[in-house]
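Engineer: got a sequence here, can you build the structure:
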Amino acid sequence: MPEASLYLFDGYNLLHAGPYREPRELADALASFVATRGARGVVVFDGAGEDLQLGPLAVRYAPDADSLLERLAAEHRERERVLLVSSDRAVLGTAGRQVAQLSSQTFFRDFEPPPSASAPPGGLGDKLDAETRARLERLRRGE
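Structural biologist: Below you'll find the predicted structure:
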């Protein structure tokens, strides 16, 4: 998978191509993915929803996700290495030659999901009360 400093993700396109069932589940995995690469990311979903920041990943909702992805690619392609993840040929075709492109299926073929939330016994998580663990999880998610 090409390295980039900015990853742009076509939200519902990825959701339908991968193992995740809900946008939030996908967004959490993508936030971990870009964080491990020391990069930033934006996942854009069609429709209405609450925009939020999950660490290095911005979750955006737009009436037309394709238009927003195209605009973000155009705004950043001159000064950053941008990778657009989508299987939508129209979006990929208008992103520009300076933008690296990857289909959703290829992304998930090479994607290594973040480690599961269950940590081995005896770790720090076992020493924290439920309220503290919940607060830390909210911080991790940027809430």
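Engineer: tell me the contacts of Val42?
Structural biologist: Remark: with contacts taken as CB atoms under 8 Å, 6 or more residues apart in numbering, Val42 is in contact with Leu6, Tyr7, Leu8, Phe9, Leu57, Ala58, Arg60, Leu72. Heads up, the C-betas are built off the backbone N, CA and C, glycines and all.
Engineer: tell me which residues touch the third one, please.
Structural biologist: Neighbouring residues of Leu8 by CB under 8 Å, 6+ apart: Gly41, Val42, Val44, Leu69, Leu72, Ala73, Val82, Leu83, Leu84, Val85.
Engineer: just to revisit the earlier point, who wins for neighbours among the contacts of Val42?
Structural biologist: Of all those, Phe9 has the most neighbours under the rule other CB atoms under 10 Å, reaching 29 neighbours.
Engineer: endpoint to endpoint, stretch 54-64 covers what distance?
Structural biologist: With CA to CA, to the nearest Å as the measure, the first residue of stretch 54-64 is 22 Å from its last.
Engineer: now that stretch: average pLDDT?
Structural biologist: Averaged over stretch 54-64, pLDDT sits at 93.
Engineer: swap in stretch 128-143?
Structural biologist: Within the predicted structure, the mean pLDDT of stretch 128-143 is 76.
Engineer: what sits up against that stretch?
Structural biologist: Among residues not part of stretch 128-143, those counted as contacts by CB under 8 Å, 6+ apart are Asp28, Ala31, Leu52, Gln53, Leu54, Gly55, Gly125.
Engineer: just the buried residues of that stretch, please?
Structural biologist: Within stretch 128-143, no residue is scored as buried using 16 or more other CB atoms under 10 Å.
Engineer: swap in stretch 39-54?
Structural biologist: Of the residues in stretch 39-54, those with enough neighbours to count as buried (16+ other CB under 10 Å) are Ala39, Arg40, Gly41, Val42, Val43, Val44, Phe45, Asp46, Leu54.
Engineer: hey, what's the third one bridged with?
Structural biologist: As for beta bridges, Gly41 partners with Tyr7, Leu57 under DSSP bridges.
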